[in-house]
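# here's my sequence, what's the structure:
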Amino acid sequence: MKFNTKTIHGGQHHEKVTGAVMPPVFQTSTYVQSSPGKPVGDYEYSRAANPTRTALEDALASIENGARGLAFSSGLAATDCLLRMFKAGDEIIAMDDLYGGTYRLFTRLYKDSGIKFHFVDMNDLEKFQSLINENTKLVWVETPTNPLMKLADIAAIAQITKKHSILFAVDNTFATPYLQKPLDLGADIVMHSATKYLGGHSDVIAGALIIKDKALGEELHFKQFATGATLGPMDSFLVLRGIKTLHLRVQRHCENGEKVAAYLDNHPLVERVYYPGLASHPFHEIAKKQMSGFGGMVTFTFKSGKKEDAIKFLENLKVFTLAESLGGVESLANHPALMTHASIPEDKRKEVGISDDLVRLSVGIEDIEDLLADLEQAFK
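A predicted model of the protein is given here:
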């Protein structure tokens, strides 16, 4: 199957008893057994597996070309499950520009774990390789990053991790499998905040891991089962429903995102636009090589450099909604320093380039004329 067909049919089956086209919401915690230890069907307890969640996990594996998909209660729960693979003395190399929640998890929740984290510009492959030693167990990359839209060359990094037998995980939330397939490029694991584009309607919190190797997938499933960070059946249904229109929505996100980026790039009040589809973007060539489109996330700064201008602009928006999160059908606007990345210390934010006048837009699928008019009136 090609991708658009996979989003609808990949890994999916009609429900056996009734023939229902969509998997039902199996709102149950447990399943009958004919004799102790002999379940009637394939399920025993919903923390281990639930038919609705299984349908979602099969769809996730299909669209990312993985051997196993796992659905979690959030993207951070998925990331935390992966971190449970490691022990004191192990080292993890991560990209220097990360979602604030990921950075908080790495630096605060795991600060006493004995696991050592290194943060590095993944485009400096020489510096990245200099950090690798016998204790290095995982490389963690976001591409594009949140919020500065940095990219990393997945195939080039995968060559290095394979040479050293290191696991390589990619947060593919911003790109989605419609635009980028990290497992095909050499990664071992893909993570999604399925809250975002996979769900697509701002009505569910969910996360996902998709694993290339079946045995590793089973090991991670055991850790998920043992710690309990599973996705409920109704939420699984909502994400599965969202996946079925992923290709249509992301295509429109891309079309609108390119036009918003071009508008901002020519606006007299705007200093810099971060969008991988612009030829001026420092990683535009990487984007062209490993992505089939440039997405709907656009970040920019003001010529004045003033936080007050960014705040006033955000307060004046009418079609764009001032809110955290991204990837829904509606356009959202966010101030990273005060909202999504407030958990990152100010000196670290400035070090990676998250300034106080930085605005992040999640460009939705509305009529582009209305979005551009809203930006224009907010600037005025």
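
# let me see the ranges of the helices in the stretch 201-350 of the chain.
214-227, 233-243, 246-265, 284-290, 307-316, 346-352 (DSSP state H, counting those that start in this stretch).

# got those helices as a markdown table, with mean neighbour count columns?
Just so you know, the C-beta spots here come from the backbone N, C-alpha and C atoms, and that holds for glycine as well. Converted to a markdown table, those look like this (neighbours: other Cβ atoms under 10 Å):
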| stretch | mean neighbour count |
| --- | --- |
| helix 214-227 | 16 |
| helix 233-243 | 23 |
| helix 246-265 | 20 |
| helix 284-290 | 18 |
| helix 307-316 | 16 |
| helix 346-352 | 14 |
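
# how about those in JSON lines, adding distance to residue 178 and mean pLDDT?
Converted to JSON lines, the helices of the stretch 201-350 of the chain look like this (distance: least, Cβ to Cβ, whole Å; pLDDT from 0 to 100):
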{"stretch": "helix 214-227", "distance to residue 178": "22", "mean pLDDT": "98"}
{"stretch": "helix 233-243", "distance to residue 178": "10", "mean pLDDT": "98"}
{"stretch": "helix 246-265", "distance to residue 178": "4", "mean pLDDT": "98"}
{"stretch": "helix 284-290", "distance to residue 178": "13", "mean pLDDT": "98"}
{"stretch": "helix 307-316", "distance to residue 178": "28", "mean pLDDT": "97"}
{"stretch": "helix 346-352", "distance to residue 178": "27", "mean pLDDT": "86"}
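
# to residue 39, which of those helices lies closest?
helix 214-227 (15.4 Å; Cβ to Cβ).

# not counting the least confident helix or strand in the chain by mean pLDDT itself, show me its contacts.
Ranking every helix and strand in the chain by mean pLDDT, DSSP states H and E puts helix 346-352 at the bottom, with a mean of 86. For helix 346-352, the external contacting residues (Cβ atoms under 8 Å, 6 or more residues apart in numbering) are 96-97, 103, 148, 336-337, 341, 355.

# tabulate the helices of the stretch 201-350 of the chain (CSV), appending distance to residue 120.
Formatted as CSV, the entries for these read as follows, by distance: least, Cβ to Cβ, whole Å:
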stretch, distance to residue 120
helix 214-227, 24
helix 233-243, 32
helix 246-265, 27
helix 284-290, 17
helix 307-316, 28
helix 346-352, 11
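
# closest to residue 119 among the contacts of helix 346-352?
residue 96 (4.5 Å).

# hmm, that closest one is touching residue 121, no?
Yes - here residue 96 reaches residue 121: they are 5.4 Å apart, a contact under Cβ atoms under 8 Å.

# more neighbours: these two, which one.
residue 96 (19 against 14; other Cβ atoms under 10 Å).

# and the strands in the stretch 1-150 of the chain?
Under the criterion DSSP state E, counting those that start in this stretch, the stretch 1-150 of the chain contains strands at 33-35, 38-39, 68-72, 91-95, 116-120, 136-142.

# centre of the chain versus the shortest one, how much separation?
Averaged C-alpha coordinates place strand 38-39 at 37 Å from its chain's average position (Cα atoms, centre = their mean, to the nearest Å).

# follow-up on the earlier one: just say which of the strands of the stretch 1-150 of the chain is most tucked in.
strand 68-72 (a mean of 26; mean count of other Cβ atoms under 10 Å).

# I figured residue 270 hits residue 261, correct?
No - the pair residue 270 / residue 261 is not scored as a contact, 10.4 Å apart, by Cβ under 8 Å.

# care to break this protein down by domain?
3-243, 246-379 (automatic domain parsing).

# related to what we said a few turns ago, want to throw the strands of the stretch 1-150 of the chain into a markdown table with mean pLDDT and distance to residue 210?
Listed next are these as a markdown table, based on pLDDT from 0 to 100; distance: least, Cβ to Cβ, whole Å:
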| stretch | mean pLDDT | distance to residue 210 |
| --- | --- | --- |
| strand 33-35 | 95 | 31 |
| strand 38-39 | 94 | 27 |
| strand 68-72 | 98 | 5 |
| strand 91-95 | 97 | 19 |
| strand 116-120 | 97 | 23 |
| strand 136-142 | 98 | 15 |
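
# distance from stretch 91-107 to the middle of the chain?
Using Cα atoms, centre = their mean, the offset of stretch 91-107 from its chain centre is 13 Å.

# likewise for stretch 142-161?
13 Å.

# is it true that residue 339 touches residue 324?
Yes - contact criterion Cβ under 8 Å: residue 339 and residue 324 qualify, at 5.3 Å.

# neighbour count winner among the two?
residue 339 (17 against 12).

# how near is the spatially most central residue of the chain to residue 40?
Central residue of the chain (Cα atoms, centre = their mean): residue 173, 1.9 Å from the mean position. Distance of residue 173 to residue 40, computed by Cβ to Cβ, to the nearest Å: 38 Å.
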